[in-house]
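Colleague: model this:
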Amino acid sequence: MNRRIAFSSKQVVLTFGVIGLLLGLILVGVFLNARSANAQKATITADQAKAAVERAYPEAKVVEVEMDDSGRPAYEVELDNGLEVLVDSTTGAVLTTGADDTDDRNEAEDADGPGDDGEDADGGQN
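Modeller: Down below sits the predicted model:
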């Protein structure tokens, strides 16, 4: 009475591939829905966020403005001096300012190398 069902390796690979694809599509849908919800909460436009940052940093030029993808209702405004500024998309207030992480991480690794031994590239201590 016990029947054993045998699956070929192609069937197993295909099944896991379909499952992986479906999970990926679900995650993309959740991510896009969150970004869309933040865009709907926004009461200021990307141009208004850009203007707020230009007033706060008149010496810098705005390179890019996009909705923040971390889940909060904010615009990310990237400046030509390497700063990234968050602007509240409901009030227009400048929230935080920081260096653009990706460029800084790459520059730090170039200077000290991937394994930081506590010394700067010129031999001094950090």
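
Colleague: which element is residue 25 on?
Modeller: Assigned by DSSP states H and E, residue 25 belongs to helix 9-41.

Colleague: now do residue 78
Modeller: strand 74-79.

Colleague: what are the buried residues along that strand?
Modeller: By neighbour count with 16 or more other C-beta atoms under 10 Å, strand 74-79 contains the buried residues 74, 75, 76, 77, 78, 79. All C-beta spots, glycine's among them, are computed from the backbone N, C-alpha and C.

Colleague: helices or strands up against the helix or strand following it?
Modeller: Following strand 74-79 in sequence order, the next helix or strand is strand 83-88 (DSSP H and E). Judged by 3 or more C-beta pairs under 8 Å, 6 or more residues apart in numbering; DSSP states H and E, the packing partners of strand 83-88 are helix 46-56, strand 74-79, strand 94-99.

Colleague: what's the last one in contact with?
Modeller: In this case it means strand 94-99. If you take C-beta atoms under 8 Å, 6 or more residues apart in numbering as the criterion, strand 94-99 is touched by 52, 53, 56, 74, 82, 83, 84, 85, 86, 87, 88.

Colleague: now do the first one
Modeller: Residues from elsewhere that reach helix 46-56 (C-beta under 8 Å, 6+ apart): 44, 62, 65-66, 75, 77, 79, 85, 87, 89, 92-94.

Colleague: nearest to residue 8, of those residues?
Modeller: residue 66 (46.1 Å; C-beta to C-beta).

Colleague: next, the angle from the strand holding residue 78 to helix 46-56.
Modeller: 50 degrees (axes from the mean of the first three to the mean of the last three C-alpha atoms, to 10 degrees).

Colleague: alpha carbons only: can I get strand 74-79 in PDB?
Modeller: The C-alpha trace of strand 74-79 is given here as PDB (Å, rounded to 0.1, in the frame of the first residue of the first chain):
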ATOM      1  CA  ALA A  74      11.000  61.400   3.100                       C
ATOM      2  CA  TYR A  75      12.900  62.400   0.000                       C
ATOM      3  CA  GLU A  76      16.600  61.600  -0.300                       C
ATOM      4  CA  VAL A  77      18.400  64.500  -1.900                       C
ATOM      5  CA  GLU A  78      22.000  63.800  -3.100                       C
ATOM      6  CA  LEU A  79      24.300  66.800  -3.400                       C
END
